[in-house]
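S.K.: quick one, fold the following:
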Amino acid sequence: MSNTVARQVHLLNRPSGMPKAEDFTIVEAQLPDLKEGEVLVQNHYMSVDPYMRGRMRAEGVYAEPYKLNAPMWGGALGEVIESKDPSLKPGDKVQNGGAWQDKFVAAGSAVSKFTPFDDDQMSLYLGTLGMPGLTAYVGLFKFGEPKAGETVFVSAASGAVGANVCQIAKLKGCRVIGTAGSDEKAQWLLDECGVDAAINYKTCGDLTAALAAAAPDGIDVYFENVGGDHLQAALAVMNPFGRIAACGMIASYNDAEPVPGPNNLMLIVGKKIRITGFIVSDHGDMKDEFLAEMIPWIQAGKIKSRETMVTGLDNAAAAFLGLFSGQNFGKMVVKI
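M.R.: Numbers count the residues shown, from 1 in each chain. Got it, this is the predicted structure:
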C-alpha cells in the first residue's frame, strides 16, 4: 500500500428535498500502489453541477447513482503525478471524472490528456470549453436549429449553460431573450452577453406576460433549463413550428413530491411544437467541432465567461448547495 492519502467528499445520506450540509462528509483514504497502466492524478479544479442532484437519488434517471459512504464523481481537471501508463507522464494535464477528491488512482485510459489554450484559463475546460459549453452548443444547433433573425429564449440564462447559449445564438444572428434571478445577472446578460432583453423572473410578476412583452413577434426556439412556469411561458409565447431543446428542469430537482406541470401543454399540438430532451454525453462526436469554433471566439473576445470560484475541497458541498439558491454567477468551480 502506498503512503499517498487522498481527501474525498462522501455522500452520507440520500437527500429528500433540498440537500443539506450534513448529507456530505470529508474522508481521508489511503490510495493503493499503482498497477501497470494506471496513473496517480492530483486534481486542481472540480465542477459542481445541478445534474449531480439526480445522482444522489437511489434510482438513476440517466446516470448511475452515487453510492453512499464512497467518493462521488464528476468533471475535474488535474495533472499526472505518477504514471505506469506509457502514454502519460508526470506533469501531463488531464481531464477526468474524478471530482470530489484531491487525488485518485485510475486507469490511464480513464483520463484524457489535454493542452489548455491558456494555462491561466484552464478552469474554462469545466465550463465554457467543457460539459456546459458543449451542452449549449449541442442543444442549440442540433435540437434548436436557430436561423438568423429568429428569436431564441433561454431560461437560467446567466448560468454555465445558458450564458453560452445566449452568446452563440447572438453570433448566429438571432434575437435573444434570457431570464435570470437578479437584476445584477440580468444586467450582465445585457452588457456582456449582448442579449436583446433580460427578465428578472423573481421580480417580473407574471412571467408569461413579461416574456410576451419582450418577444412581441413570439419566440422560435426555447432552450429549457428550468421547467415549471418558464416552460408554461415559453409554450404560451412560442410561434408555430417552434423548437424546444430540453436540457434541464432545475426548478423541480429538489421536489420531494411531484408538482403540477404547465397547464397549457395542449399548445404543443396546436402550435406543432417540437420538444427534444437530450443528454450531452450522447453527443461526444460534436466535441472537436465545438472546440474548433469556441476557442477562437473566446480568444477574439466574442464569448465572455463568468465563473464563481470557490477555494478548497472542504467547501465543495457548500458550493454545490449554492447552485440551488442562485449563489453562483456563471459556472461554479471549486479550486482544490
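
S.K.: right, and Ala136 touches Leu171 too?
M.R.: No: using CB atoms under 8 Å, Ala136 makes no contact with Leu171, being 11.7 Å away. Heads up, the C-betas are built off the backbone N, CA and C, glycines and all.

S.K.: can you give me the buried ones in the helix or strand where Asp288 lies?
M.R.: Using DSSP states H and E, Asp288 maps to helix 287-299. Of all the residues in helix 287-299, those buried under the rule 16 or more other CB atoms under 10 Å are 287, 290-291, 294-295, 297-298.

S.K.: what's the answer for stretch 4-24, then?
M.R.: Neighbour-count burial for stretch 4-24 [16+ other CB under 10 Å]: 4, 6-11, 15, 19, 23-24.

S.K.: equivalent analysis for stretch 148-167, please.
M.R.: By neighbour count on 16+ other CB under 10 Å, the buried set for stretch 148-167 is 150-167.

S.K.: end to end, how far does it reach?
M.R.: Start-to-end span of stretch 148-167 (CA to CA, to the nearest Å) is 13 Å.

S.K.: quick check: phi and psi on the closest residue to Lys304 other than its chain neighbours?
M.R.: In this structure, Lys304 finds its nearest non-sequential neighbour in Glu192, 4.7 Å apart by CB to CB, 6 or more residues apart in numbering. Phi and psi for Glu192, reported as degrees, to the nearest 10, are phi -100, psi -40.

S.K.: now do the same end-to-end measure for stretch 263-272.
M.R.: Note: stretch 263-272 ends 17 Å apart using CA to CA.

S.K.: sorry, back to before: reformat the buried residues of stretch 4-24 as JSON lines; add distance to Ala214 and pLDDT.
M.R.: Rendered in JSON lines, the data for those read as follows (distance: CB to CB, whole Å; pLDDT from 0 to 100):
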{"residue": "Thr4", "distance to Ala214": "54", "pLDDT": "95"}
{"residue": "Ala6", "distance to Ala214": "49", "pLDDT": "98"}
{"residue": "Arg7", "distance to Ala214": "47", "pLDDT": "98"}
{"residue": "Gln8", "distance to Ala214": "45", "pLDDT": "98"}
{"residue": "Val9", "distance to Ala214": "41", "pLDDT": "98"}
{"residue": "His10", "distance to Ala214": "45", "pLDDT": "98"}
{"residue": "Leu11", "distance to Ala214": "40", "pLDDT": "97"}
{"residue": "Pro15", "distance to Ala214": "36", "pLDDT": "93"}
{"residue": "Pro19", "distance to Ala214": "34", "pLDDT": "95"}
{"residue": "Asp23", "distance to Ala214": "39", "pLDDT": "97"}
{"residue": "Phe24", "distance to Ala214": "39", "pLDDT": "98"}
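
S.K.: which regions of the stretch 201-336 of the chain sit below the pLDDT cut-off?
M.R.: 252-256 (pLDDT under 70).

S.K.: need the strands for it, in chain order.
M.R.: Under the criterion DSSP state E, counting those that start in this stretch, the stretch 201-336 of the chain contains strands at 219-224, 238-246, 274-277, 307-311, 331-335.

S.K.: and these, which is most packed in?
M.R.: Of all the strands of the stretch 201-336 of the chain, strand 219-224 carries the top mean neighbour count, a mean of 27, counting by mean count of other CB atoms under 10 Å.

S.K.: OK, contacts around the closest residue in space to Glu293 that isn't next to it in sequence?
M.R.: Closest residue to Glu293 apart from its sequence neighbours, by CB to CB, 6+ apart: Tyr137 at 7.7 Å. By CB atoms under 8 Å, 6 or more residues apart in numbering, the residues touching Tyr137 are 164, 168, 286, 290, 293-294.
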